[in-house]
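Undergrad: Build me a model:
(2 chains)
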There are 2 protein chains.
Amino acid sequence: MRLSRFFLPVLKETPADAQIVSHRLMLRAGMIRQEAAGIYAWLPLGLRVLKKIEAIVREEMDRAGAIELLMPTIQSAELWRESGRYDDYGKEMLRIEDRHKREMLFGPTNEEMVTDIFRASVRSYRDLPLNLYHIQWKFRDEVRPRFGVMRGREFLMKDAYSFDIDEAGARRAYQKMFVSYLRTFARMGLKSIPMRADTGPIGGDLSHEFIILAETGESQVFCDKALVDMEPPGADLDYEADLTPLIEARTALYAATEEMHDAAAFDALPEDRRLAARGIEVGHIFYFGTKYSKPMNAKVTAPDGTDVPVEMGSYGIGVSRLLGAIIEASHDEAGIIWPEPVAPFDVGLINLKVDDQATSALAEKLLAELEGRGRDVLYDDTGERAGAKFAAMDLIGLPHQLIIGPKGAAKGEVEVKNRRTGERQTLSPDAALQMLAMA
Amino acid sequence: MRLSRFFLPVLKETPADAQIVSHRLMLRAGMIRQEAAGIYAWLPLGLRVLKKIEAIVREEMDRAGAIELLMPTIQSAELWRESGRYDDYGKEMLRIEDRHKREMLFGPTNEEMVTDIFRASVRSYRDLPLNLYHIQWKFRDEVRPRFGVMRGREFLMKDAYSFDIDEAGARRAYQKMFVSYLRTFARMGLKSIPMRADTGPIGGDLSHEFIILAETGESQVFCDKALVDMEPPGADLDYEADLTPLIEARTALYAATEEMHDAAAFDALPEDRRLAARGIEVGHIFYFGTKYSKPMNAKVTAPDGTDVPVEMGSYGIGVSRLLGAIIEASHDEAGIIWPEPVAPFDVGLINLKVDDQATSALAEKLLAELEGRGRDVLYDDTGERAGAKFAAMDLIGLPHQLIIGPKGAAKGEVEVKNRRTGERQTLSPDAALQMLAMA
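TA: Sure thing, here's the model as predicted:
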């Protein structure tokens, strides 16, 4: 992609009203623009990251055997009356009246609707287990939206819903999502720590939050350091195997958010394993049994011929929130440092003198070669001065920079910079190509 | 994908309230489920088609040089007051009040918001031309939603917005979208006919609708038969070349919807070239100059140093509506016939006797081989009887069926059926594989 044809409105000034670093950097890097309180447009650079994160979430859900559908944003109030949550949900629910005065709402979550879809067509235990998920925009009318996409009103969430014939089945579904989440966040370059959590308005008796550590995190968390050092499950993970050992290895270790914190248990840890840190919630899973299936009459026939309410759980990942969380966990003074799997482009190609023919010819050649090898390249072909180009490229945080100037072009040399380490290497164009095509 | 693990709630009965064939078939094939009037959940099979259509639209927009972003669904009423459309839009606009009593709305289109994004960052003619698009859910509160996804209230639209320094530039932008649309619909197996159109609430003085022909189409259209026979532009189309000849070859021929119909001009055509038919609108493009940029003060500096309001156009494709339109244009008594590029799976693999070891071993082998070659396969591994399997596979309309039964498995024979032609061939498993891997 040529920067001259892209739309990347980078800001020179730091926006005054952005309180946290990810919000500031997303605004400055031209990733988002606020259109109303807590409501953002995703500009092209931001959208590219959002899609990469979404793709990783989708791949890992599919790998775990969940099936994707897509529920609408607007729901009927009737459904929520069936579960009893219409009145309970309070002012965070955006309530809407249509032209025929029917009560509608912009979905903040989808337990009711997915239960309605389930009960309309599934009749027998033979069709279970089933896990249905979607990745859809939600709305929660926060009283004080802030922190950019970390606590917006309109946000993208992946929510999955499992259906099983009995509690044992539902717990297996829960376990699958538990390990799938460890993999999902690891693939984005994040270390996530599952912490036993309060179930809140979703209900149920078993719940874990997935927290990533970041100095600027929103909440205080306490855990055993050993959790931070554990490796996530590999791509060869067999979801049909018994996942209990994988999970118990983690849940046996102390980890809690402030609300669930047990100071005595934490203090009983050896001092060098006590980690009190700041964290950001990026996922939340719930087992809630028949909380929705009973009032909504979602029953299936069991092997013994009786009809039983289906056992359910729900599993959320804050897809748009993850952009903020990743930036909170990965940035420096100069800007964002994207982990490679979620970077908007793999390589930033900087042409230091676009009106020099040899420089531009070399840049065009390397652009074509890198793109031909499947790398996403942002080519700064603008007439900006070098300093501004370097600053913008550091700000937007692409993992690799390939810098071509007239002196180097004449000598057959280019420079490659690693954004994370800051390391710079002077290489022949072929060696640079070799390195970046593999990176 | 194994059908036993998929979620495909096929209906045996024809839903009574569905008036048109695409609506009936989408409900019966388990593609959608109505959640409120004109509001549908996209079940897994329907979502797969929606995504394939979306991907083709995106590829062709990118090819034409448009840049993708994503605007939110909820907008502030303030923006629409600036353009003067807040009061004009009437009851089709879903108006919302948030918890702080601020007036919001669920966007029916995005001229105002994209103009706001533009004016916030673009200052100079040097940053033009620019074409920004997004693919996002919209809401129009139709008084009587009907015809399934063809006239729903919540629907997925691709809308692009072009920005140019002068009218000549804006007309080039319009031309690019015009030819891009011909390609886009052709890639979905559709023959689209551009027809001069009324501009309606978008405004402006130049507009074309893109209509596909279908016996069950919603509106009466009139055109020169020669238009139907014209080939769409190829993938090698150069968008920087002069597109005028390509466009004039089409606009010189008579084509009009009922509202714009000129009976005298139509009757002047030789009789064998007069085509009066039913059509479905799948795209609509508009040039409207400064209709939004003037009231919203979206100005850029021209080469002569003066500030001028930017010249704009907008370009819509009804992404979710296209599913209905394609089915209207491509079905038979037995069900849907998907054009290959938008089919939810490439191949339906039918195992006629899942408890026969040789049959199932052969089916599993062919499944693995086809998937290994990048084909999307829906494998019917359920215990249903053969007749139900055949009927369901015809109903959901995958282009190719691969049928494996115990007699054939013993003899080393399988059957391949082409859904469109109905042609059946008995082949060796290797020959079938060869054929389907290429198809």
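Undergrad: Near residue A:435, how many other residues are there?
TA: 15 (other Cβ atoms under 10 Å in any protein chain shown). From N, CA and C alone the C-beta is placed, and that goes for glycine too.
Undergrad: sorry, that was for residue A:113
TA: Neighbours of residue A:113 (other Cβ under 10 Å): 22.
Undergrad: That one belongs to a helix, doesn't it?
TA: Yes - remark: residue A:113 belongs to a helix, assigned using DSSP: H, G, I helix; E, B strand; the rest coil.
Undergrad: Skipping its backbone neighbours, what lies nearest it in space?
TA: What sits nearest to residue A:113 in space, not counting adjacent residues and going by Cβ to Cβ, 6 or more residues apart in numbering or on different chains, is residue A:71, at 5.2 Å.
Undergrad: What is the burial count for the one you found?
TA: If we define neighbours as other Cβ under 10 Å, then residue A:71 has 24 of them.
Undergrad: Same check on the one 4 residues further on?
TA: The criterion is other Cβ under 10 Å. On that basis, residue A:75 has 25 neighbouring residues.
Undergrad: list the contacts for it?
TA: Residues near residue A:75 by Cβ atoms under 8 Å, 6 or more residues apart in numbering or on different chains: A:104, A:105, A:106, A:107, A:110, A:112, A:113, B:35, B:36, B:39.
Undergrad: just checking, which of those belong to helices?
TA: Within these, residues falling in helices by DSSP state H are A:112, A:113.
Undergrad: Give me the subset of the contacts of residue A:75 lying in strands.
TA: A:104, A:105, A:106, B:35, B:36, B:39 (DSSP state E).
Undergrad: any chance of these in CSV, with pLDDT and distance to residue A:325 too?
TA: Output for the ones in strands among the contacts of residue A:75, formatted as CSV (pLDDT from 0 to 100; distance: Cβ to Cβ, whole Å):
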residue, pLDDT, distance to residue A:325
A:104, 98, 31
A:105, 98, 27
A:106, 98, 24
B:35, 96, 31
B:36, 96, 34
B:39, 98, 32
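Undergrad: Now rank the residues you listed by neighbours and give me the top one.
TA: Busiest of the ones in strands among the contacts of residue A:75 [other Cβ under 10 Å] is residue A:106, holding 26 neighbours.
Undergrad: Give me the below-cutoff pLDDT ranges for the stretch 301-439 of chain A.
TA: A:439 (pLDDT under 70).
Undergrad: Can you name the residue of it nearest chain B?
TA: With Cβ to the nearest Cβ, the shortest gap between the stretch 301-439 of chain A and chain B falls at residue A:383, namely 8.8 Å.
Undergrad: Need the nearest residue in space to that residue, chain neighbours excluded.
TA: In space, residue A:383 is closest to residue A:354, 5.9 Å off (Cβ to Cβ, 6+ apart).
Undergrad: Is residue A:368 in a helix, a strand, or coil?
TA: Here residue A:368 is helix, with the state taken from three-state DSSP.
Undergrad: Please enumerate the helices of the stretch 301-439 of chain A.
TA: A:319-329, A:357-372, A:386-396, A:406-411, A:429-438 (DSSP state H, counting those that start in this stretch).
Undergrad: what angle do the strand or helix carrying residue A:53 and helix A:319-329 make?
TA: Per DSSP states H and E: residue A:53 is located in helix A:44-63. Relative orientation of helix A:44-63 versus helix A:319-329 (axes from the mean of the first three to the mean of the last three Cα atoms, to 10 degrees): 110 degrees.
Undergrad: Mind checking the pLDDT average for helix A:44-63?
TA: Helix A:44-63 carries an average pLDDT of 98.
Undergrad: Stretch A:80-92 too?
TA: 94.
Undergrad: ok, and for that stretch, which residues are buried?
TA: A:80, A:83, A:85, A:86, A:89 (16 or more other Cβ atoms under 10 Å in any protein chain shown).
Undergrad: Spatially, which two of these are the most separated?
TA: A:83 and A:89 (10.0 Å; Cβ to Cβ).
Undergrad: shared neighbours, the two?
TA: By Cβ under 8 Å, 6+ apart, no residue touches both residue A:83 and residue A:89.
Undergrad: related to what we said a few turns ago, is it true that the residue nearest to residue A:383 touches residue A:360?
TA: Yes - the criterion here is Cβ atoms under 8 Å, and residue A:354 meets it with residue A:360 at 5.7 Å.
Undergrad: what's the overlap in contacts for these two?
TA: Residues touching both residue A:354 and residue A:360 by Cβ under 8 Å, 6+ apart: residue A:381.
Undergrad: Roughly how far does the nearest residue to residue A:243 once chain neighbours are set aside sit from residue A:397?
TA: Setting aside the residues directly before and after it, residue A:243 is nearest to residue A:175 in space (Cβ to Cβ, 6+ apart), at 4.3 Å. From residue A:175 across to residue A:397, the span is 35 Å (Cβ to Cβ, to the nearest Å).
Undergrad: returning to what we had before: what's the angle between the helix holding residue A:53 and helix A:386-396?
TA: 30 degrees.
Undergrad: right, is helix A:44-63 up against chain B?
TA: Yes - counting by Cβ under 8 Å from any Cβ of the partner chain, chain B has neighbours in helix A:44-63: A:44, A:47, A:50.
Undergrad: how about low-confidence regions in the stretch 51-200 of chain A?
TA: Within the stretch 51-200 of chain A, not a single segment meets pLDDT under 70.
Undergrad: which parts of it sit against chain B?
TA: A:65, A:67-76, A:79, A:91, A:94, A:96, A:98-99, A:102, A:104, A:106, A:113, A:116-117, A:120-122, A:130, A:132, A:137, A:139, A:141, A:143, A:153-154.
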